Each structure stands twice: as structure tokens, then as C-alpha cells.
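> My questions concern the predicted model and sequence given below.
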Amino acid sequence: MTYHGRRGTVSALSHVDFTLWQGEFVALLGPSGCGKSTLLNMVSGLIAPTSGRLAYRGKAINGPNTNIGYMTQRDSILPWRTTAQNIELPLQIRHLPARERREKVATYIEMVGLKGFENTYPSGLSGGMRKRVGLAQALVYEPETLLLDEPFGALDAILRLRMQAELLALMEKLGATVLFVTHDMDEAITLADRVVVMSARPARIIDEIEVGLPRPRNLEQLQFTAEYQEVRRRVWDNLGREIHSSEKEMANQ
Ligand SMILES: Nc1ncnc2c1ncn2[C@@H]1O[C@H](COP(=O)(O)OP(=O)(O)OP(=O)(O)O)[C@@H](O)[C@H]1O
């Protein structure tokens, strides 16, 4: 994917070739600005690659894909709508009958732990609560596949751990297919079945690591296990090498 903008040409992704299997939770891990959001935008059908091919269930992706729920990095919560109204929005766009909308909104409000805040406007919600509204918005029409772009990036460590645990429990329950973008190695390993490590821009895939840690996972204990440390070392070996090489490149420029 190459962007041709007013400020010149930016080569965002070079050679990216991978398959996301049904029911799998894949974390895309890479340095800042390497092209992770670009990749999600392409998978969701919002932008088209300048070369190469993307397919969903074997069919070429030619436009927005309604089987996919996408939580972008910046939330799309409308300040003039309450929690319930924001979560209802994707269902209104799909013209679901009012009764069905109400039922689904109630289910997902409960699922993301926002019961009691149905009628609160975004200005009355904490950062973590806003993220939950965003997550419920992506989940509410029950897409087969979820794209989550650094959903917990701006949260403090404790809230982040809580949200990660909630997401994991939810995904294990729903059996959804997830593509999760992060630049946090521990987040990638604790959540995913497979970690796809991307290089600095223009991104290519430098490694794919099967995490292999059993589920359901207890996030508070997981990081202290020997198995976890072993996976972490393997991911770090690759990521560390990539960081050093991009630092060297920058120093030579
Ligand atoms: N619409 C655009 N026009 C021109 N360049 C763009 C556009 N969108 C992204 N880029 C550039 O493409 C590169 C990859 O951006 P992208 O947002 O995909 O990276 P990222 O890995 O998601 O970054 P981060 O981890 O910081 O969120 C960056 O250099 C960015 O400046």
C-alpha cells in the first residue's frame, strides 16, 4: 500500500501475506507508524490496496464488509447520543426493527459492564467506559470478525488489564475471529493465539508465532508462568532485532 499525498509518497506496507483463520485471535504487533491501521482499513474494505489482493472467505474485498466489526483507534462515539443511543447506531444504520434493537442494546450494555449508564452522555463517562461503548458498538450487530485497533492504548495499567480480561472472556464466549492491533508485546501474547510481528515501515511480516498458551487464560497469573516467558523471549528476539535495525537505518539517514 502506497499513499500518494500532498506531502509526497509514503510506502506503508510492502510484503504482507497472511491468513486469519475462522475463530482465531491474531495480534498484529509492530512499531509505531509501520502500517497496522492501514492494514485494518484494507481488511475492513475502507481503503483498497494499491497492489496485491485481499479476500474474505475466498471472495475479493471490494468495499465495506458488513461481516466485519471495526473498532478504530479513535472512537466514533457521538457526544449528543447517550450510551444506549450510541450502541444502537449500527443497528439503526442496518434498519433493524426497534424491538430487536432494544434487546440487542440491552444485551451488549450488560456484556461490556455498562449497566446503569444507559442514559449517560459520553461527557459523563470515563476513558475506559468510552472504550467499552466503542467495543459494544463493534459487537452489537454480531459480526463474524472483529478488527480492534489498539482498543486499550490510552488506558492506565490497571484498567487496561481489566479490559483485556473482559475482552478475552467475551471472545472466548462468542468464538469470534479477531484481528487485534497493538504495539504492546505483552498485550499481544496474553490475548492472542498467534502473534504476527511486523517490521518498521514499509511493513512486511517478519515472524508469526503460535502462542499456544491454554485457554481460558488467567491474565493476572499468566505473565508469571515459564511458558509465557518462553513465548515472550521468542517475540522479543524478533522485535528487538527489528527495533535495532530501524534505529541503525535512522542513524544512517
Ligand atoms: N491517508 C494517508 N495519507 C498519507 N499517508 C498516510 C495515510 N494514512 C497513513 N499514512 C502513513 O502511512 C504510515 C502507516 O500509518 P498507519 O496509521 O497505518 O500506522 P500504524 O502502524 O497504525 O501506526 P500507530 O502504531 O502509530 O497507530 C504512516 O507513515 C502514516 O503517516
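Nice, thanks for sending it over. Residues are numbered from 1 along each chain as shown.

> Secondary structure element for E208, which one?
Secondary structure from DSSP states H and E places E208 in strand 205-210.

> Now do the helix or strand just after that strand: everything it contacts.
Downstream of strand 205-210, the first helix or strand assigned by DSSP H and E is helix 219-222. Contacts of helix 219-222 with the rest of the structure, by C-beta atoms under 8 Å, 6 or more residues apart in numbering, involve L161, Q164, A165, L168, T190, L213, Y228. The C-beta positions use only the backbone N, C-alpha and C, and glycine is treated the same way.

> next one: stretch 21-32
20, 36, 39-40, 144, 171, 175-185, 187-189, 191-200, 203, 235, 239, 242-243, 246.

> again, only using 7 Å
20, 36, 39, 171, 175, 177-183, 185, 188, 191-200, 203, 239, 243, 246 (C-beta atoms under 7 Å, 6 or more residues apart in numbering).

> quick revisit: closest one to the ligand out of the contacts of helix 219-222, please.
Q164 (17.9 Å; C-beta to the nearest ligand atom).

> Only the buried subset of the contacts of stretch 21-32, as a PyMOL command please.
To isolate the buried members of these in PyMOL, using 16 or more other C-beta atoms under 10 Å:
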select buried, resi 20+36+39+171+177+178+179+180+181+182+183+185+188+191+192+193+194+195+196+197+198+199+200+203+239
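
> Tell me the buried residues within the contacts of helix 219-222.
Buried subset of the contacts of helix 219-222 (neighbour count, 16+ other C-beta under 10 Å): L161, Q164, A165, L168, T190, L213, Y228.

> Count the neighbours of the closest residue to the last one other than its chain neighbours for me.
Right, the one you point to is Y228. Nearest non-adjacent residue to Y228, counting by C-beta to C-beta, 6 or more residues apart in numbering: L222, 5.4 Å away. Neighbourhood size, L222 [other C-beta atoms under 10 Å]: 15.

> just S123 next, same as before
Other residues lying near S123 total 8 when counted by other C-beta under 10 Å.

> Pretty sure R99 sits in a helix.
Yes - the assignment for R99 by DSSP: H, G, I helix; E, B strand; the rest coil puts it in a helix.

> check contacts around it.
So R99 contacts nothing (C-beta under 7 Å, 6+ apart).

> Give me the distance between it and Y141.
15 Å (C-beta to C-beta, to the nearest Å).

> ditto for V133
With C-beta to C-beta as the criterion, V133 and Y141 are 15 Å apart.
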